[in-house]
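# based on what follows, work out the 3D shape:
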Amino acid sequence: MMIGMVVAAMAMVQLSFAVEKQTVKAVNPEVVMETSEGAITIELWADKAPETVKNFLRYADEKFYDDTIFHRVISNFMIQGGGFCADMKRKDSHQPIKNEATTELKNDRGTIAMARTRDIHSATCQFFINLKDNDFLNHSDNTPRGFGYAVFGKVIKGMEVVDRIGKAKTTTSGPYRDVPAKPVIIQSVKRLGSN
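Below is the predicted model:
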């Protein structure tokens, strides 16, 4: 009887270690965005914005972002990309995703967030990287005005590249304003460790 209880207790301890080990294993994915201005490494917060990260990685894995551009650059605000080619032709995207903006996820300097229209749940492929803390983009309530923009990660290496892109001279291209005069190409977006 006593031996059975000891064996059961040991099994419970081993199970608890296995569960703990699995929890530790769940590390957020990282991607490297190769641009014509240099490389940017981004940690994606799958633990805080799982659907948004899944969506972004789907586009990355499909090589959708390869040879797109940062098509909207506003100094001391943000750089936006992921939806246009250098000729300013918009790429076809997948269906929009649910906006995962929360009060916890802040549009601070260096964070990456989903671009969208006035429709709260309209984000598809386009994203932006904040050049400074943009508190007015944060989630404050569930109204169309207060919902905010879904942050899903942060630049962990290459912020100097982001800043350099943020200083690009811009012009107007057709109906689009704030377009870099010299295209800033996103050559690829790949999961760290993949070929």
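# show me where this structure has strands.
30-35, 38-44, 68-74, 78-85, 111-114, 127-130, 151-157, 170-173, 176-180, 185-191 (DSSP state E).
# quick one: buried residues of the third one?
This means strand 68-74. For strand 68-74, burial by neighbour count (16 or more other C-beta atoms under 10 Å) applies to 68, 69, 70, 71, 72, 73. Backbone N, C-alpha and C define where each C-beta goes, glycine included.
# related to what we said a few turns ago, okay if I get the strands of the chain as a markdown table plus distance to residue 105?
As requested, those are exported to a markdown table (distance: least, C-beta to C-beta, whole Å):
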| stretch | distance to residue 105 |
| --- | --- |
| strand 30-35 | 18 |
| strand 38-44 | 12 |
| strand 68-74 | 21 |
| strand 78-85 | 15 |
| strand 111-114 | 8 |
| strand 127-130 | 12 |
| strand 151-157 | 4 |
| strand 170-173 | 28 |
| strand 176-180 | 25 |
| strand 185-191 | 20 |
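# let me have those strands in JSON lines, extended by mean pLDDT and distance to residue 138.
Converted to JSON lines, the strands of the chain look like this (pLDDT from 0 to 100; distance: least, C-beta to C-beta, whole Å):
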{"stretch": "strand 30-35", "mean pLDDT": "98", "distance to residue 138": "23"}
{"stretch": "strand 38-44", "mean pLDDT": "98", "distance to residue 138": "19"}
{"stretch": "strand 68-74", "mean pLDDT": "98", "distance to residue 138": "18"}
{"stretch": "strand 78-85", "mean pLDDT": "98", "distance to residue 138": "13"}
{"stretch": "strand 111-114", "mean pLDDT": "98", "distance to residue 138": "10"}
{"stretch": "strand 127-130", "mean pLDDT": "99", "distance to residue 138": "11"}
{"stretch": "strand 151-157", "mean pLDDT": "98", "distance to residue 138": "8"}
{"stretch": "strand 170-173", "mean pLDDT": "97", "distance to residue 138": "25"}
{"stretch": "strand 176-180", "mean pLDDT": "98", "distance to residue 138": "22"}
{"stretch": "strand 185-191", "mean pLDDT": "98", "distance to residue 138": "25"}
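# closest to residue 133 out of the buried residues of strand 68-74?
residue 73 (18.0 Å; C-beta to C-beta).
# how near is that closest one to residue 44?
For residue 73, the distance to residue 44 equals 22 Å [C-beta to C-beta, to the nearest Å].
# wait, residue 67 touches residue 183, no?
No: if you go by C-beta atoms under 8 Å, residue 67 and residue 183 don't touch, sitting 10.1 Å apart.
# those two: which has the busier surroundings?
residue 183 (19 against 13; other C-beta atoms under 10 Å).
# identify the residues contacting that one.
36, 69, 86 (C-beta atoms under 8 Å, 6 or more residues apart in numbering).
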